[in-house]
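Asks: Just need the structure, nothing else, for what follows:
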Amino acid sequence: MAAEPYCFCAIQRTLAPLAAIQSRSMHPLLILLIGTLVVVASIVWLRIGAFFGLMLSAFVVSFLAPGELTEKIPRALEELGNTAGKISLIIACAAVVGKCMTDSGAADRIVRSFLKLFGETRTPIALMTSGFVLSVPVFFDTVFYLLVPLARSLHRRTKQNYLLYILAIASGAAITHTLVPPTPGPLAMAENLNFDVGIMIIMGTIVAVPCSVVTLFYAHWAQQRFEIPMRPISGDEEFKENAPEVDEARLPSFFESVLPIVLPVLLIAANTIVTTLAKSAEQSAAITQIVKVTGVLGHASLALVLSACVALLLYVKYRAPSRSEIQNSIETALMSAGVIILITAAGGAFGAMLKEAQVGPVIENLFSGNQTATGITLLLIAWVTASLLKISQGSGTVAMITASSIVASMIDPSTLEIHPVYLATAIGSGSLCVSWMNDSGFWIVARMSGLTEVETLKTWTISLIILSIVGLIVTIVLATLLPMPIEPPAPI
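Replies: Got it, this is the predicted structure:
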């Protein structure tokens, strides 16, 4: 009987420090600093990965934030599930689309079509456009793997412009991977900042185009400035590079090839446009019915499901795979998507816990002022936050998820004088800034192209810095000329 009181006393002594911390009110900015440091230290120092780093930070922030002690862990887990439920199907379908487009030859057809359209003299434009388009549903590393052998083959034929080809491919792929859903970063930003995915597609593309054009000029300059030869690369990529080209008759048509990309973009954008127009028009029965139809077909989840079905049908039509091959392709795509889903969901939990810590009102008070200054200031804060996160831990996706969570905790959409999509494009632009040795994309570009580390820093890293700065400038210009503030909902 004496052991029971002793046991309870031991538990009480163990929990006493936690209760003491809980009883104190920690400043929200200190909580934000601690949470951010936990994310960076977990990824860079402890090497436990982005998912565990973000969840550990979510738990830490939740524990330091106000609330009942017994609710600290459950509320973080609840937000993890809420975010995963919203984005898991979209990301999974995007992964399937990318895999099926590669396996069916649709991606190959798109590249060949752009090369024919622009001609050999405008090959860099064709390669950048191919990377730009393919990276909408396909992850950056996959697009680069797919197009680098083509760049090497073109260099063998022309004996020139190897660096130009590499930078054109990588820059075009990087900008849409960062700004245009359904790739995970832009999708997470739209979710965290609570605005329509269709707006992210439209404005992300608008910002991405001038970024690509400016970077292509830099790529031409870098080709003249740096004498970098095409070096042999080892491994499977070299084997694929020397493999015979697939007969054009076995490839899908261009229309079929771009359909998995264009279909969800059109459906989601149509829903966004119709819904926006309906708000400013009289609510007739016809408009109401149209909004209902586009609301179903243009929902991001259904649009991506339809896109995945189209891509899968192309794979079956042009490659006639067995059922086991189809299963293996889909499972491979879903395995890569699973990691991204977990990371994105953990980022959502982290952001929700920052809101619980009341970080937003404190930062809003710090930067309160006239409306124009506040809007531009928020854009700069968003860009700098994402840039620092990218530089410190390497992953652009993690930088986008974390920065958008932090910025979301700072804003009140009902009083925000610019549309939150501009915050997303500023964050996405910042997440491109400075790719170096802690970034997996840095090593993908270096190893697959045969560049040395120093050459990659001089060329690829500078390209991303230019993309980042131009993206911020374009965002500021658009936010100034076309702020598109979200109107608060009408009282019921």
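Asks: For residue 5, give me the pLDDT.
Replies: On pLDDT, residue 5 comes in at 49.
Asks: Go ahead and flag the most central residue of the protein.
Replies: Note on the chain: the residue nearest the mean C-alpha position is residue 185, at 1.9 Å, using Cα atoms, centre = their mean.
Asks: Any figure for the gap between the nearest residue to that one once chain neighbours are set aside and residue 81?
Replies: Leaving aside its chain neighbours, residue 185 sits nearest to residue 400 (3.8 Å; criterion: Cβ to Cβ, 6 or more residues apart in numbering). C-beta: built from backbone N, CA, C; applies to glycine. Going from residue 400 to residue 81 by Cβ to Cβ, to the nearest Å gives 21 Å.
Asks: Compare the two and say which is more crowded by neighbours.
Replies: Neighbour count, other Cβ atoms under 10 Å: between residue 400 and residue 81, residue 400 has more, with 31 against 12.
Asks: so the more buried one is in which element?
Replies: helix 396-408 (DSSP states H and E).
Asks: which SSE is the closest residue to residue 223 other than its chain neighbours in?
Replies: Nearest non-adjacent residue to residue 223, counting by Cβ to Cβ, 6+ apart: residue 164, 4.0 Å away. Using DSSP H and E, residue 164 sits within helix 162-179.
Asks: Dump the C-alpha coordinates for that helix into PDB.
Replies: What follows is helix 162-179 as a C-alpha-only set of coordinates in PDB (Å, rounded to 0.1, in the frame of the first residue of the first chain):
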ATOM      1  CA  TYR A 162      25.600  22.200 -73.500                       C
ATOM      2  CA  LEU A 163      25.400  24.500 -70.500                       C
ATOM      3  CA  LEU A 164      22.600  26.500 -72.100                       C
ATOM      4  CA  TYR A 165      20.600  23.400 -72.700                       C
ATOM      5  CA  ILE A 166      21.000  22.200 -69.100                       C
ATOM      6  CA  LEU A 167      20.100  25.600 -67.600                       C
ATOM      7  CA  ALA A 168      17.100  25.900 -69.900                       C
ATOM      8  CA  ILE A 169      15.700  22.500 -68.800                       C
ATOM      9  CA  ALA A 170      16.300  23.000 -65.100                       C
ATOM     10  CA  SER A 171      15.100  26.600 -64.900                       C
ATOM     11  CA  GLY A 172      11.800  25.800 -66.800                       C
ATOM     12  CA  ALA A 173      11.200  22.800 -64.600                       C
ATOM     13  CA  ALA A 174      12.000  24.500 -61.300                       C
ATOM     14  CA  ILE A 175       9.700  27.500 -61.700                       C
ATOM     15  CA  THR A 176       6.500  25.600 -62.400                       C
ATOM     16  CA  HIS A 177       7.400  23.000 -59.900                       C
ATOM     17  CA  THR A 178       7.500  25.800 -57.400                       C
ATOM     18  CA  LEU A 179       4.600  28.000 -58.400                       C
END
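Asks: Does anything pack onto that helix? Which helices or strands?
Replies: helix 123-134, helix 140-158, helix 184-193, helix 197-225, helix 420-430, helix 440-449, helix 462-481 (3 or more Cβ pairs under 8 Å, 6 or more residues apart in numbering; DSSP states H and E).
Asks: switch the cut-off to 10 Å
Replies: Helix 162-179 sits against helix 123-134, helix 140-158, helix 184-193, helix 197-225, helix 396-408, helix 420-430, helix 440-449, helix 462-481, with contacts defined as 3 or more Cβ pairs under 10 Å, 6 or more residues apart in numbering; DSSP states H and E.
Asks: Compare the ones you listed and give me the one nearest residue 93.
Replies: Between residue 93 and these, the shortest separation by Cβ to Cβ is 11.2 Å, and it involves helix 184-193.
Asks: and that closest one, what does it pack onto?
Replies: By 3+ Cβ pairs under 10 Å, 6+ apart, helix 184-193 packs against helix 72-104, helix 162-179, helix 197-225, helix 300-319, helix 323-356, helix 371-393, helix 396-408, helix 420-430.
Asks: Which one, of those, ends up nearest to residue 262?
Replies: Across the helices and strands packed on helix 184-193, closest to residue 262 is helix 300-319 (Cβ to Cβ), at 9.0 Å.
Asks: Could you check the angle the closest one makes with helix 323-356?
Replies: 160 degrees (axes from the mean of the first three to the mean of the last three Cα atoms, to 10 degrees).
Asks: In the stretch 151-300 of the chain, where is pLDDT below threshold?
Replies: For the stretch 151-300 of the chain, residues meeting the criterion pLDDT under 70 lie at 233-246, 279-286.
Asks: run the last query once more with 80
Replies: By pLDDT under 80, the low-scoring segments of the stretch 151-300 of the chain are 153, 156-158, 232-249, 272-273, 275-289.
Asks: So the residue nearest to residue 185 sits against residue 408, correct?
Replies: No. The pair residue 400 and residue 408 fails to qualify as a contact (Cβ atoms under 10 Å) at a distance of 11.9 Å.
Asks: what's the overlap in contacts for those two?
Replies: Here residue 400 and residue 408 share the contacting residues 189, 192, scored by Cβ atoms under 10 Å, 6 or more residues apart in numbering.
Asks: Is it correct that residue 26 is in contact with residue 362?
Replies: No. Assessed by Cβ under 10 Å, residue 26 is found out of contact with residue 362, at 11.6 Å.
Asks: Okay, and residue 228 sits in which element?
Replies: For residue 228, there is no host helix or strand (DSSP H and E).
Asks: and it, what is it in contact with?
Replies: Going by Cβ under 10 Å, 6+ apart, residue 228 touches 162, 163, 166, 222, 449, 450, 451, 452, 455, 456, 458, 459.
Asks: for residue 464, same thing?
Replies: Residues in contact with residue 464 (Cβ under 10 Å, 6+ apart) are 170-171, 174-175, 178, 215, 390, 396, 431-436, 439, 441-442, 445.
Asks: how much space between residue 183 and residue 302?
Replies: With Cβ to Cβ as the criterion, residue 183 and residue 302 are 18 Å apart.
Asks: my read: residue 124 touches residue 160, true?
Replies: No. Contact criterion Cβ under 10 Å: residue 124 and residue 160 do not qualify, at 11.2 Å.
Asks: quick one: which of those two has more around it?
Replies: Set residue 124 next to residue 160 and count neighbours by other Cβ under 10 Å: residue 124 wins out with 22 against 11.
Asks: Kindly provide the distance from the closest residue to the more buried one other than its chain neighbours to residue 435.
Replies: Closest residue to residue 124 apart from its sequence neighbours, by Cβ to Cβ, 6+ apart: residue 168 at 4.3 Å. As defined by Cβ to Cβ, residue 168 lies at a distance of 16 Å from residue 435.
Asks: ok, back up a step: please spell out which residues along the helix holding residue 400 are buried.
Replies: Buried positions in helix 396-408, judged by neighbour count with 16 or more other Cβ atoms under 10 Å: 396-408.
Asks: Quick check on residue 49: phi, psi?
Replies: phi 90, psi 160 (degrees, to the nearest 10).
Asks: Use 13 as the first number from now on
Replies: Sure thing, new numbering starts at 13, so read that last one as residue 61.
Asks: where does it land on pLDDT?
Replies: 81.
Asks: One more: the one 10 residues further on?
Replies: Residue 71 carries a pLDDT value of 94.
Asks: Test my guess that residue 166 contacts residue 133.
Replies: No. If you go by Cβ under 10 Å, residue 166 and residue 133 don't touch, sitting 11.9 Å apart.
Asks: Neighbour count for the two, which is higher?
Replies: residue 166 (19 against 8).
Asks: In contact with that one, which residues are there?
Replies: When contacts are counted by Cβ under 10 Å, 6+ apart, residue 166 touches 127, 132, 135, 136, 138, 139, 172, 173, 174, 177.
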